[in-house]
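Participant: 3D, please:
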Amino acid sequence: MSCPLIDFVFRNMQLPFFVIATCILLPRNEFVANTLSLSFTLAAKKSIDGPPSYSNLQGIKLALRSLEEAARADCLGPMAIYPDPILRHSVSHVTKFDSKVEKVANLLIDGMKTDATTAIQYGIDARIIVLKGSASPLATGAPLVLINPNVLSRSGEDKMVPWTEYCGVFSNLSGNKDEVLEVELLRDEVVEVAAQDILGIPVRKALQGEAARSFQ
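Facilitator: You can find the predicted model right below:
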């Protein structure tokens, strides 16, 4: 599981965050759209004198937990903050579907700080994505849990949609809780996904709009 925003920042931390990176192509894999352009801006609610320094970022270094360990702890715990190395971890497939899977899914649903999250963002080594609220394609924004998700198809690059978005793992980068790192990028308009539910039953969803953006 990978994130183009995370990968890009890890590769380019020697550059200031206000640098504009254009015409950057990121690999299209099963979770990430081919990003045609990317730019960084820092939106702050409070005025600051000059650009903040990110040279001494520490982030949060979470210990990697198995799905079983997370279920036994009955606690979601803190979210990883960049540059935590866990954000680059290659996440394990879920192979056993039992009450522990449902427990972790419920922990994510109840504790997630945004409308879209993954288990690894909380240090849990399991390929689980949760979409809820505005990010869910289900009626009334009910939570959608996708386990071991795989992209089957996506709309053409000529139909990609520009978005301005932020990622929770890049919060409070300069020590100012009012600052938000915003990214302008292109996302696939429609993504068809194959996954499993908490019982291991195969599901297929055609995600579009906010659901497609959040999944990617």
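Participant: residue contacts, the closest residue to residue 197 other than its chain neighbours?
Facilitator: With Cβ to Cβ, 6 or more residues apart in numbering as the measure, residue 203 is the residue that lies nearest to residue 197, at 5.4 Å, once sequence neighbours are left out. C-beta here means a position set from N, CA and C on the backbone, and glycine is covered the same way. Taking Cβ atoms under 8 Å, 6 or more residues apart in numbering as the contact definition, residue 203 lies against 146, 194-197.
Participant: next helix or strand past the longest strand seen in the chain?
Facilitator: In the chain, with assignment by DSSP state E, the single longest strand is strand 144-154. Once strand 144-154 ends, the next helix or strand along the chain (criterion: DSSP states H and E) is strand 161-166.
Participant: can you list the strands that that following strand pairs with?
Facilitator: Strands that pair with strand 161-166, judged by DSSP bridges, come out as strand 179-187 (antiparallel).
Participant: run the angle between the helix or strand following the partner strand and strand 144-154 for me.
Facilitator: Counting by DSSP H and E, the element after strand 179-187 in chain order, helix or strand, is strand 190-196. For strand 190-196 against strand 144-154, the angle between stretch directions is 130 degrees (axes from the mean of the first three to the mean of the last three Cα atoms, to 10 degrees).
Participant: mind checking which helix or strand the residue nearest to residue 197 is in?
Facilitator: Assigning secondary structure by DSSP H and E places residue 203 in strand 202-208.
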